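> here is a sequence with its predicted model. Questions after.
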Amino acid sequence: MDVLAEATKRRAGGHPVISMAVGQPSHPAPQAALQAAREALAEGRIGYTNALGTARLKSALAWHYRNRHGLEIDPARIAVTTGSSAGFNLAFLSLFDAGDAVAIARPGYPAYRNILGALGLKVVEVPVSAETHFTLTPESLEAAQRENDVTLKGVLLASPANPTGTVTGRDGLKALADYCAAHSIAFISDEIYHGLTFASEEASALELTDEAIVINSFSKYYCMTGWRIGWMVLPERLVRPIERVAQSLYISPPELSQIAATAALGAAEELDKVKASYAANRDLLLDRLPKIGLAPASPMDGAFYAYLDVSRFTNDSMGFAKRMLTEINVAATPGLDFDPLEGHRTLRVSYAGSQAEIAEAVERIAAWLK
């Protein structure tokens with residue numbers, strides 16, 4: 001976010017900045033969502049809803065799981081949230097007590113670490129690499145518990161993952177779900193990049209267990225970041241505890257966003273065209289980046305990120321990112337955000353922008369690195 005702020009400042013000063021720093025689609029919300037919001041605003045009354053969301057949106061989400069995954073999910077198990085960030089807060093507060101140990105992947109989304117730490121939980125960062133197929137495994141969790149002398153109370157896995165783009169397939173998800181069930185560990189599955197898988201096999205943890213806590217969002221595939229709307233699918237026993245916390249912290253998710261999100265669930269044809277533009281950007285990066293010395297540090301299976309090895313050029317990814325912004329007006333995210341130990345040699349770039357912007361950014365970087 002600091003890089004984004006500096007990029008915004010430079011753009012306001014007249015610099016031709018291309019931002020590849022933040023995972024934000026350049027496309028607007030789907031037309032059906034915008035039209036539904038316009039009609040709701042014309043009617044005029046936007047108010048509180050039930051703490052866990054409107055019955056209409058929860059029923060639409062149940063339809064989504066039936067249509068996409070062949071699952072019958074009781075709408076009563078669905079909690080609509082103020083973005084996926086609220087989902088993480090609700091899950092952590094409801095599942096854990098201060099001092100409990102929760103495992104996340106390293107590299108991984110930095111807000112996991114920050115939210116867990118702010119709530120007084122012990123963060124166990126488990127290194128992922130080619131040896132673990134860039135995902136968590138039962139063996140890596142066992143090793144992390146021995147090395148950190150802890151007993152895990154929770155495991156949080158993202159698939160597709162930020163920043164690595166890793167997609168954990170059905171077998172990997174099942175192994176984790178079975179391990180967590182056998183050891184009374186809460187299994188949280190972050191699926192906010194679902195719908196944006198380009199290689200490998202995309203599966204929901206809900207296909208394998210009813211005990212997973214699934215968190216998802218309209219921000220990525222649905223191009224609705226600023227609408228701040230997401231959802232959770234919960235084991236039945238957690239619905240009321242989550243509802244009580246949500247009532248106190250958030251009252252309810254924003255009604256206007258819920259109305260728009262309900263309509264967005266029927267916009268797959270439009271959104272798959274957006275996904276195709278990401279696929280074209282991905283193909284461009286896979287072709288060009290290795291040729292200029294920026295090989296991906298992990299497979300670009302899903303989401304819309306390339307996690308790059310910059311060790312050929314620097315051991316200071318923060319300084320590298322600052323110079324790239326200052327000298328060629330291209331913003332990217334230092335790997336230290338995602339990996340405090342090894343991230344000084346990596347950089348994350350988002351390819352969620354327009355095809356013209358991504359192509360221009362690559363040409364600037366190529367000329368800069370010569």
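Yep, that arrived.
> measure the closest residue to Gly23 other than its chain neighbours to Gly108 for me?
Closest residue in space to Gly23, ignoring its immediate chain neighbours: Ser350 at 5.2 Å, by Cβ to Cβ, 6 or more residues apart in numbering. Yep, even glycine has a C-beta here, placed from its N, CA and C like the rest. As judged by Cβ to Cβ, to the nearest Å, Ser350 and Gly108 stand 16 Å apart.
> how much space between Pro138 and Ser159?
Taken as Cβ to Cβ, the span from Pro138 to Ser159 is 16 Å.
> residues contacting the residue nearest to Gly23?
Shown in contact with Ser350 (Cβ atoms under 8 Å, 6 or more residues apart in numbering): Met20, Ala21, Val22, Gly23, Gln24, Phe304, Tyr305, Thr333.
> look up how far Ala111 lies from the first one.
Here the criterion is Cβ to Cβ. By it, Met20 lies 19 Å from Ala111.
> which of the two has more residues huddled nearby?
More crowded of Met20 and Ala111, by other Cβ atoms under 10 Å: Met20, with 29 against 14.
> which residues of the chain fall in helices?
Residue ranges of the helices in the chain, as given by DSSP state H, are 2-12, 31-43, 55-69, 83-95, 110-118, 138-148, 170-182, 236-249, 255-264, 268-288, 317-328, 355-369.
> closest to His344 out of these?
Nearest to His344 among those is helix 317-328; the distance by Cβ to Cβ comes to 5.2 Å.
> the closest one: how far from the chain's middle?
From the chain centre to the centre of helix 317-328 is a distance of 25 Å (Cα atoms, centre = their mean, to the nearest Å).
> again with stretch 308-327
Worked out by Cα atoms, centre = their mean, stretch 308-327 lies 24 Å from the chain centre.
> need the contact partners of it.
Under the contact criterion Cβ under 8 Å, 6+ apart, stretch 308-327 has outside partners 3, 6-7, 10, 17, 289, 293-297, 330-336, 343-349, 365, 368-369.
> which residues does Ser217 contact?
Here Ser217 is in contact with Gly83, Ser84, Gly87, Ile192, Ile229, Gly230, Trp231 (Cβ under 8 Å, 6+ apart).
> count the residues that sit near the second one.
Residue neighbour count, defined by other Cβ under 10 Å, stands at 23 for Ser84.
> what does the fourth one give?
Each residue near Ile192 was counted by other Cβ under 10 Å, and the total is 25.
> quick check on it: phi, psi?
phi -70, psi -20 (degrees, to the nearest 10).
> so what's the residue nearest to it when sequence neighbours are not counted bridging to?
Among residues not flanking Ile192 along the chain, Ser217 sits closest, at 4.2 Å (Cβ to Cβ, 6+ apart). Under DSSP bridges, the beta-bridge partners of Ser217 are Gly230.
> check what pLDDT Ser217 gets.
Here, the pLDDT recorded for Ser217 equals 98.
> quick one: Ile73 and Trp63 touch, right?
No: counting by Cβ atoms under 8 Å, Ile73 stays clear of Trp63, with 9.3 Å between them.
> of the two, who's got more company?
Ile73 (20 against 14).
> the domain parsing of the protein - what is it?
The chain breaks down by automatic domain parsing into domains covering 2-29+269-369, 31-266.
> thinking again about what came up before, going through the contacts of stretch 308-327, which ones are buried?
3, 6-7, 10, 17, 289, 293-294, 296-297, 330-336, 343-349, 365 (16 or more other Cβ atoms under 10 Å).
> what is the burial count for the residue lying closest to Tyr48 once chain neighbours are set aside?
Of all residues not flanking Tyr48 in the chain, Ser252 sits nearest, at 4.9 Å (Cβ to Cβ, 6+ apart). Ser252: 19 surrounding residues under other Cβ under 10 Å.
> now the end-to-end length of stretch 307-315.
Stretch 307-315 has an end-to-end distance of 15 Å (criterion: Cα to Cα, to the nearest Å).
> which positions within that stretch qualify as buried?
So, applying 16+ other Cβ under 10 Å, buried residues of stretch 307-315: Tyr307, Leu308, Asp309, Val310.
> same check, this time on stretch 69-78
Neighbour-count burial for stretch 69-78 [16+ other Cβ under 10 Å]: Ile73, Pro75, Arg77, Ile78.
> same deal with stretch 337-344?
Those buried within stretch 337-344 under the rule 16+ other Cβ under 10 Å are Asp337, Phe338, Asp339, Glu342, Gly343, His344.
> possible to save those as CSV with pLDDT?
Below are the buried residues of stretch 337-344 laid out as CSV (pLDDT from 0 to 100):
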residue, pLDDT
Asp337, 89
Phe338, 96
Asp339, 97
Glu342, 95
Gly343, 96
His344, 96
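> which of these sit farthest apart?
Using Cβ to Cβ, the two most remote members of these are Asp337 and Glu342, lying 12.1 Å apart.
> list the contacts of Ala60.
Thr262, Leu265, Gly266.
> cutoff 6 Å now
If you count contacts by Cβ atoms under 6 Å, 6 or more residues apart in numbering, Ala60 has them with Thr262, Leu265.
> from Gly195, how far off is it?
15 Å.
> and what of Leu286?
The spacing between Leu286 and Gly195, counted by Cβ to Cβ, is 20 Å.
> tell me which of these two has more neighbours.
When Leu286 and Gly195 are compared for neighbours, Gly195 comes out ahead with 19 against 14, by other Cβ under 10 Å.
> sorry, back to before: now distance to Leu41 too, for the contacts of Ser350, in TSV please.
Listed next are these as TSV, based on distance: Cβ to Cβ, whole Å:
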residue	distance to Leu41
Met20	33
Ala21	32
Val22	27
Gly23	28
Gln24	23
Phe304	30
Tyr305	34
Thr333	35
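> and of those residues, the nearest to Leu34?
Looking across the contacts of Ser350 and measuring by Cβ to Cβ, the closest to Leu34 is Gln24, at 17.0 Å.
> picking up where we left off before, the residue nearest to Tyr48 contacts Leu52, doesn't it?
No: counting by Cβ atoms under 6 Å, Leu52 is not a contact partner of Ser252; they are 8.2 Å apart.
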